[in-house]
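**Q** Generate coordinates for the sequence data below:
(3 chains)
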Amino acid sequence: MPETRSAELLAGFAGVAGLLLLWELSARFIWQDPQTLPAPTQALAQAMTVLTPQRLAEHVGISLFRIFAGFSLAALAGITLGILCGWSRWAVAVVRPFIEILRPIPPLAWIPIAIIWFGLGEGSKIFVIFLGAFFPIFTSAWSGAAMVPKVLLSAAETMDVRGARLLVKVVVPAALPDMATGLRVGFGLSFGILVAAELIAAQSGMGYLVMQSRQLGQLGISIFGIFLIGIVALAVDHQFGVLTRKTIGRWSSI
Amino acid sequence: MRMPERWAMRLVPAIVVALVLALWEWTVFAGIVRTIQFPPPSLIVASFFGLLVDGFPRGTLLATHIGATLYRILMGYAIALALAIPLGLVIGSSWLLDRMSAPVVAFCRSVATLSLLPLAVVWFGTGEASKIFLIWYGCFWVMLSNAIAAIKQVDPVLIRAARTMDTSTRDIFARVILPACVPRLVSGARVALGVGFMVIVGAEMIGTTLGLGALIMEARTFYRSDITVVGMFVIGAFGLLLSFGLSRAETWLLPWQKHRRA
Amino acid sequence: MNRREFLTSTAMTGAALTFMPRFAHAQGAPEVTEIALGFGLDPVFAPHIVAMQKGWLEEAGFTSVTTTSFTAGALAGEALLAGEIQLWTPGNLPPISMAHTGIPVVVLGTNCIAADADRLVARPEANIKAPEDLYNARIGLLAGSTASVTLSQLAKHYGLDESRLQVVNMPPPEQLAALNAGEIEAFLCWQPWGHNALSSGAVLVHSGTTSGFEQNEGEAVQISATRSIFVASQDFVRENPNATRALIGALVRGQGYVSDPANRDEVLSLVSAETGQAQEVVEAIWDQYVFDPTFDERYVADMQTMTDYLLASGRIEEAMDPLSYTYTEPAAEAGVTLEVAGTWQP
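**A** All right, here's what the predicted structure looks like:
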C-alpha cells in the first residue's frame, strides 16, 4: 500500500470507524441497556436534546484553553529540566528525586492544594493539567538528551564544538524525536486529566460536561462528553503528528 | 567520577530537601499559611506514625493500605507491559497497523479514569478486577505509544549494517532492533508506572476502603489534610523506589549504554 | 428647631427604629458586598435559589452573589477553608468531622431536614422483605457520607449486626449503575438516586423515616439524622457580623417562601431550571425535604447521632458538644425559633 497522506488518513478512519461500528452493534444487540451503556447514536441523540451548538463550542473552547495553557507551561518546564538533566549529572542529582517523588501523586490528591494555592479560578485547573503533562515531557527530553549517539558526540569533538554550542547544535536536535514523543504523550495525558482538573468548580468545559451529566444520571451525555474529549484529542494529536513529520521527520523516522 | 564528587552528589539533594522542609515548617510557624490549610512537616511526621500504629480509620493500618495498593498496581502494570510491549513492537514495525491504530490509541489515551468508573463497575464488578482494570487502562495506552515510537525510532543504519553482515531476520530483530528499543521502552515504562500510580485514587473509589487511593479519599472526606499529605508522600516514596528499581533494571539490561554526559 | 420639636423627632425616630422590620439592615450594612455560595444539584438549594432570584440578597446589601457548584462535597469544604466561598451548605456529617479536626467552622442554622430523602432501595429479585434479608445483599454505600450513618442506625434499630452487612463503597452514580447491572442488590443513598433507582424498577425497602419491611410496613421509623445545614468559617463570622446576619436573614426568608405550599409550582420550576434536574424528578422528591430552621432538641440529637457514628467508626477520638460550634444568634435575629441556643460566641 503506498504510504501517501491520503492512504494514511484512510487507514486512520478505518481503524476508528471499525471500533465505532463494533460498539454500536454490541450496544444495540448484546448489552441492550441504554441506561448503562448507550450506543454511540443513542448517546449523541441524548446529548443533542440538551446541548446547543453554542454551548458545545463553549465547552470545547474553555477546555482547549485550559489544556493549551497547562500544556505549554509543562512543555517549557519539562523540556528545560529534561535537557538540563540529560546534560549535567549535577542537575540529575538535584532535580530527579523531587520529580520522581512528585510524579506518581494522583491529581485528585493535588486538588485541595491546588485550591489553596490557586483558588477556584482557571489557575488551579491549569495547574492540575500541568501536573499531568509535565512528567512524560520531562522524562522523554531527559532520555533524548542523555542518549545522544556517541558517533555524533565524537564527530562534534573533532570539529571542536563544545559547551553551549554542543548543547544547542547537537544535543537538542538529537533529542528532538524523543521530545516529540514525550510532547505527544503529554498532550494525550492533558486530555486524560481534564476531567479531574475541571472538578474544581468549573462551570463549563468538556470534563465538566462528563461529571455534571454523571451526577444528574444522564449517562448518555456523559459518554458523549468522553467521546468529545477523545475526538478533540485525536484531532490535536493528528496535527501534532503532521507537524512532527514536517520538522523532524526529514531526518528521523517518526 | 572521583570519590568526593560522588559523595557530594548524594549530599546535595539531601541538603536541598532539608532546606525545603525547613522553609515549609517555618511558613506555617510564622503564620503565613495556616495549619489546617497546609500541615507543617512536623504534623505530617506525627500523623505518619499515627497511621503506622493506629491506622485511619482506627484499626486500618498504613501497612494494610500500602499492601492493597501495591498489589493492584503491580498487577495492572505488569499486565499492561506484558500486552503493550509486544503489541507496540508489532504495530510499530508495520506502516499500515501504525496508521490505523494511531487515532484509536490517541483516543483511548485521552479517556480519564473517572470517566470509566461506571463502565468498570458494570464490566468488572466491584472486586479487585475493576481496580486492576482501571490501573491497567492508564498504563497500557501510554506504554503502547512509547513502544510503537521505540521501534519506529531504531536507527536504520544499525539494521543496514546487520544486513551487510548477512544476519538472519530473526537475529536482526533479536540482537539489533530489540536492544536498540530498550532505552526508550524503559523510559516509557517509567512514564507508564507514574500513570499507574496517578490513577489509583479513581481506581480505588469502587468497592473498597483499603488502599492508598482510598485512604486519600477518606482523608479528604474527613478533612484530615495531614493524612492526605502523608498519603501523597507514601505514594511518592514508592514511586521513587520503583523508579530507581527501573533504572537498575535498565543498567542490567544494557550494561554498555550508560547515560552519557556530552 | 426648638426643644419640643427636637424631642418629638427623636421620639419618632426611636419608635421607627424599634418597629422596623427585622430584615432591613437597621444594624448596619454588610462588611463585604461580594459573597460566594457553595452550590449543588439537590433541591436543598431551593432557599438559596429563591433568595437570589427574588433579589433578597441584594436587598440585604450584597452587590455580587456568585454560586459555585461542586460535584463532590469534599471540594466545597476545601473551598471554604481556602476562603473561596463564604457559605457552605453540606449534609451534617462533614462539618462535624471538620470541627473535631480542629478546623474553625461554625454552624449557623438548619437549611432543611433531609431525613426522608435517604432511601434504601433494592432489586426486586433480591427479595428483601425482612431486616435479616439484608445480610444476603451487597449494599452500595458511599463511605463517610450521611447515608452510612443512616444504615448504621437502621442496623441498630432492627438489631442487625453491622459487621455482617456487606457494604460496597462507591459514589452514587456508580451505585445506580451497579444496581442496574446486578453487581449489588441494594444501595442506600440520598435523592435523586433513590428515585432514579425506582424508575429503573427497584423497590423501596426503607426510607429515612418510614419502613418498607413486611413486618412493619408503613410504620414511622426514624433512622435518618440527615440534615442540610449552613456552615461558615469562624473567622468570617467574627470579622463580618453584619454580613452573616444579612445572609442568614435572606436565606431564612427563602426557607419560609419555599415551605409555603402556595409557592410550590413556582419554586419547583425555579429549582429545576437552576439545577438542571428534570422537573418531574424535583416534583417527585420535593415533599421529602422539610425546610424548617427551628433550633430544637432534635437538632442536637441529629448532630449527636452523627458524632457518635464518627466516634464508633474510629474517625475521631473524642466527642464535642454540637452546640459548642453552633452560633444561633443570626438565625434568632432572623426570626427563627430557638428552643436550644448555641454556645459559640464570636
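**Q** so how many other residues sit close to C:Glu297?
**A** Taking other CB atoms under 10 Å in any protein chain shown as the neighbour definition, C:Glu297 ends up with a count of 9. Where you see a C-beta, it was placed from the backbone N, CA and C, and this is true even at glycine.
**Q** longest single helix anywhere in the chain?
**A** Since you didn't name a chain, this refers to chain A. Scanning chain A for the longest helix, with DSSP state H as the assignment, gives helix A:53-87.
**Q** Let me rephrase: I mean chain C.
**A** Longest among the helix segments of chain C by residue count, using DSSP H, is helix C:241-259.
**Q** what helices or strands is that helix leaning on?
**A** Using 3 or more CB pairs under 8 Å, 6 or more residues apart in numbering or on different chains; DSSP states H and E as the contact criterion, the secondary-structure elements in contact with helix C:241-259 are helix C:46-53, helix C:56-59, strand C:105-113, strand C:227-233, helix C:234-239, helix C:329-333.
**Q** Pull out the buried residues from the helix or strand just after it.
**A** Under the assignment DSSP states H and E, the closest C-terminal helix or strand after helix C:241-259 is helix C:264-275. Along helix C:264-275, the positions that meet the burial threshold by neighbour count (16 or more other CB atoms under 10 Å in any protein chain shown) are C:Val267, C:Leu268, C:Leu270, C:Val271, C:Ser272, C:Glu274, C:Thr275.
**Q** For the second one, list the residues it contacts.
**A** Read that as C:Leu268. With contacts taken as CB atoms under 8 Å, 6 or more residues apart in numbering or on different chains, C:Leu268 has the following neighbours: C:Gln279, C:Val282, C:Glu283, C:Trp286.
**Q** Now list the buried members of those.
**A** Neighbour-count burial (16+ other CB under 10 Å) applied to the contacts of C:Leu268 gives C:Val282, C:Glu283, C:Trp286.
**Q** would you turn the helices and strands packed on helix C:241-259 into CSV with mean pLDDT, distance to A:Leu102 and mean neighbour count?
**A** What follows is those, written out as CSV (pLDDT from 0 to 100; distance: least, CB to CB, whole Å; neighbours: other CB atoms under 10 Å in any protein chain shown):
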stretch, mean pLDDT, distance to A:Leu102, mean neighbour count
helix C:46-53, 94, 39, 24
helix C:56-59, 91, 42, 19
strand C:105-113, 94, 31, 26
strand C:227-233, 94, 30, 25
helix C:234-239, 92, 31, 17
helix C:329-333, 91, 44, 20
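**Q** Could you work out the end-to-end span of stretch C:309-323 for me?
**A** Using CA to CA, to the nearest Å, the end-to-end distance of stretch C:309-323 comes out at 17 Å.
**Q** by contact count, what packs against the longest helix of chain A?
**A** Secondary elements touching helix A:53-87 (3+ CB pairs under 8 Å, 6+ apart): helix A:89-102, helix A:122-146, helix A:172-197, helix A:206-215, helix A:219-247.
**Q** beta partners for the most centrally placed residue in chain C?
**A** Geometric centre of chain C, nearest residue: C:Ser228, 0.6 Å, by CA atoms, centre = their mean. According to DSSP bridges, the residues that bridge with C:Ser228 are C:Gly91, C:Cys112.
**Q** dump the residue contacts of it.
**A** For C:Ser228, the contacting residues are C:Asp42, C:Val44, C:Thr89, C:Pro90, C:Gly91, C:Asn92, C:Thr110, C:Asn111, C:Cys112, C:Ala114, taking CB under 8 Å, 6+ apart as the criterion.
**Q** again, but for A:Leu81
**A** A:Leu81 makes contact with A:Ala91, A:Val95, A:Ile99, A:Phe138, A:Ala141, A:Trp142 under the criterion CB under 8 Å, 6+ apart.
**Q** Can you point out the buried residues in the helix or strand harbouring B:Ala192?
**A** Using DSSP H and E, the element containing B:Ala192 is helix B:178-198. Taking 16+ other CB under 10 Å as the basis for neighbour counts, the residues of helix B:178-198 that come out buried are B:180-198.
**Q** neighbours around A:Arg165, how many?
**A** For A:Arg165, the count of nearby residues is 12 (other CB under 10 Å).
**Q** circling back: looking at the helices and strands packed on helix A:53-87, spot the one closest to B:Pro41.
**A** The minimum distance between B:Pro41 and those falls on helix A:89-102, with 14.1 Å, by CB to CB.
**Q** Tell me what angle the closest one forms with helix A:122-146.
**A** Relative orientation of helix A:89-102 versus helix A:122-146 (axes from the mean of the first three to the mean of the last three CA atoms, to 10 degrees): 130 degrees.
**Q** Kindly export helix A:89-102 (C-alpha atoms) in CSV.
**A** Only the C-alpha atoms of helix A:89-102 are listed here, as CSV (Å, rounded to 0.1, in the frame of the first residue of the first chain):
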residue,chain,number,x,y,z
ARG,A,89,24.9,14.9,36.2
TRP,A,90,24.5,17.5,38.9
ALA,A,91,21.2,18.5,37.6
VAL,A,92,20.1,14.9,37.7
ALA,A,93,21.2,14.5,41.3
VAL,A,94,19.3,17.6,42.5
VAL,A,95,16.2,17.5,40.3
ARG,A,96,15.5,13.9,39.8
PRO,A,97,14.5,12.8,43.3
PHE,A,98,11.9,15.6,43.5
ILE,A,99,10.5,14.7,40.2
GLU,A,100,10.3,11.0,40.8
ILE,A,101,8.6,11.7,44.2
LEU,A,102,6.0,14.0,42.6
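**Q** That helix: what's the following helix or strand?
**A** Going C-terminal from helix A:89-102, and assigning secondary structure by DSSP H and E, you next hit helix A:107-118.
**Q** Are that next one and chain C in contact anywhere?
**A** Yes. With CB under 8 Å from any CB of the partner chain as the threshold, helix A:107-118 lies in contact with chain C, specifically through A:Ile111, A:Pro112, A:Ile115, A:Ile116.
**Q** is any part of the helix holding B:Ala192 close to chain A?
**A** Yes. Applying CB under 8 Å from any CB, one finds helix B:178-198 touching chain A at B:Pro183, B:Arg184, B:Ser187, B:Arg190, B:Val191, B:Leu193, B:Gly194, B:Val195, B:Gly196, B:Phe197, B:Met198.
**Q** who's in contact with the residue lying closest to A:Leu84 once chain neighbours are set aside?
**A** With CB to CB, 6 or more residues apart in numbering or on different chains as the measure, A:Ala91 is the residue that lies nearest to A:Leu84, at 4.4 Å, once sequence neighbours are left out. The neighbours of A:Ala91, taking CB under 8 Å, 6+ apart as the test, are A:Leu81, A:Leu84, A:Cys85.
**Q** Count the neighbours of the last one for me.
**A** By the measure other CB under 10 Å, the count of residues near A:Cys85 is 25.
**Q** Take the buried residues of helix C:264-275 and lay them out in a markdown table including pLDDT and distance to A:Tyr208.
**A** Shown next, in a markdown table, are these (pLDDT from 0 to 100; distance: CB to CB, whole Å):
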| residue | pLDDT | distance to A:Tyr208 |
| --- | --- | --- |
| C:Val267 | 94 | 26 |
| C:Leu268 | 94 | 25 |
| C:Leu270 | 93 | 22 |
| C:Val271 | 93 | 20 |
| C:Ser272 | 92 | 20 |
| C:Glu274 | 89 | 16 |
| C:Thr275 | 87 | 15 |
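**Q** circling back: in the residues of helix B:178-198 next to chain A, find the pair that's most separated.
**A** Maximum pairwise distance in those, criterion CB to CB, is 23.0 Å, between B:Pro183 and B:Met198.
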